[in-house]
Each structure stands twice: as structure tokens, then as C-alpha cells.
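Enquirer: I would like to see how this sequence folds:
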Amino acid sequence: MPTNRYITLQDSSGSGGDFAVVMGGYKPTLEKEQTINRTIGGTIDVSQGAVLERHEYLVRCRDTEDRIGYGTVHELERLWRLNNPNGTPSDKITFIDHYGNSNTAIFIGEFPRSAITTILEGSGAWFFVPISLFLVT
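Expert: The predicted structure follows:
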């Protein structure tokens with residue numbers, strides 16, 4: 001059973017917050033890096049590489065947040081925009097899942113936020129943001 005009702009995302013300087021995940025919006029995926037080819041003789045030639053773990057979440061967050069420790073849509077976007085592996089903060093995110101497991105991850109893909117209320121600013125403005133993270137540790 002999960003220990004938290006949220007995930008935690010922090011940059012390398014410890015700045016970030018907790019983010020609620022929408023039910024049904026959690027999709028962990030394992031990917032194999034591999035190449036499969038047919039040889040001239042018709043047999044299969046397989047090259048195996050790393051197994052990568054990707055986590056996809058549908059995050060629900062506000063424009064401004066009244067709850068202590070919870071991140072806003074702007075904080076989530078700031079974390080997503082981190083792009084320099086040698087910068088301070090770097091592009092590596094500390095990701096703590098619902099079970100309290102801590103991993104280092106990087107954001108991949110797009111940041112398509114969508115408003116789920118007619119209010120677009122303030123604590124009454126809620127957004128859904130699908131995010132994808134590759135675990136690097």
C-alpha cells in the first residue's frame with residue numbers, strides 16, 4: 001500500500017514540491033534497448049542493451065498553492081525546463097514515488113498542461129499535466 005498520496009519532485013538544490021497524481025494516471029514502463037536483425041541465412045541476430053524504466057504520471061496541480069509543500073504548475077514547469085546536466089541546478093531530478101522510493105530521473109517529452117477549471121489564475125485554477133520521467137538510478 002502506498003505511503004504517500006503524492007509524488008515528490010526536487011531539483012539538485014532541493015527545491016521542488018509534492019504533486020498529486022490522478023487515479024489512472026500512473027503508468028510505469030520497462031523498455032529494452034535492443035536491435036533485432038535477420039542474418040543472410042534467415043536466423044535472428046539480437047543485440048541486447050540496457051533495461052530502462054520510464055514513469056508516466058498525470059499530475060494535478062494549481063496555479064497557486066495554499067497547501068504547504070505542494071508544488072504549483074509553475075514549479076512543475078520550472079523543473080521540466082531544467083536542461084543543463086552541468087548546471088546548478090542540473091537537469092537531474094530527485095523523484096520520490098508513492099512508496100517513498102527515491103530515484104534520480106530526467107524529464108522527457110512534452111509539457112502539455114490543460115486547464116480543468118474555468119478559472120486560470122490563483123488557488124482555484126487547476127491543471128492536468130502529463131509528465132514522463134526516465135529513471136537514471
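
Enquirer: can you map out the strands along the protein?
Expert: Along the chain, counting by DSSP state E, strands occupy 7-10, 16-38, 44-62, 93-96, 102-108, 114-115, 126-135.

Enquirer: any idea how far the shortest one is from the chain center?
Expert: The reference is to strand 114-115. On the basis of C-alpha atoms, centre = their mean, to the nearest Å, strand 114-115 sits 17 Å off its chain's mean C-alpha point.

Enquirer: what about the strands of the chain, which gets the closest to Glu77?
Expert: Checking the strands of the chain against Glu77 by C-beta to C-beta gives strand 126-135 as the closest, at 8.1 Å. For the C-beta atoms, the positions are set from N, CA and C on the backbone; glycine is no exception.

Enquirer: Tell me the helices and strands packed up against the helix or strand bottoming out on mean pLDDT in the chain.
Expert: Within the chain, confidence by mean pLDDT, DSSP states H and E is lowest for strand 16-38 among all helices and strands, at a mean of 92. Where contact means 3 or more C-beta pairs under 8 Å, 6 or more residues apart in numbering; DSSP states H and E, strand 16-38 is packed against strand 7-10, strand 44-62, helix 73-81.

Enquirer: run the last query once more with 6 Å
Expert: Here strand 16-38 is seen to pack against strand 7-10, strand 44-62 when contacts are counted using 3 or more C-beta pairs under 6 Å, 6 or more residues apart in numbering; DSSP states H and E.

Enquirer: Show me the shaky parts of the chain.
Expert: The chain contains residues with pLDDT under 70 at 1.

Enquirer: okay, which residue of it is out on the far edge from center?
Expert: The C-alpha centroid of the chain is most remote from Gly41, which lies 43.8 Å away (C-alpha atoms, centre = their mean).

Enquirer: these two touch, right, Ile93 and Asn103?
Expert: No. Using C-beta atoms under 6 Å, Ile93 makes no contact with Asn103, being 9.0 Å away.

Enquirer: With that, I have no additional questions.
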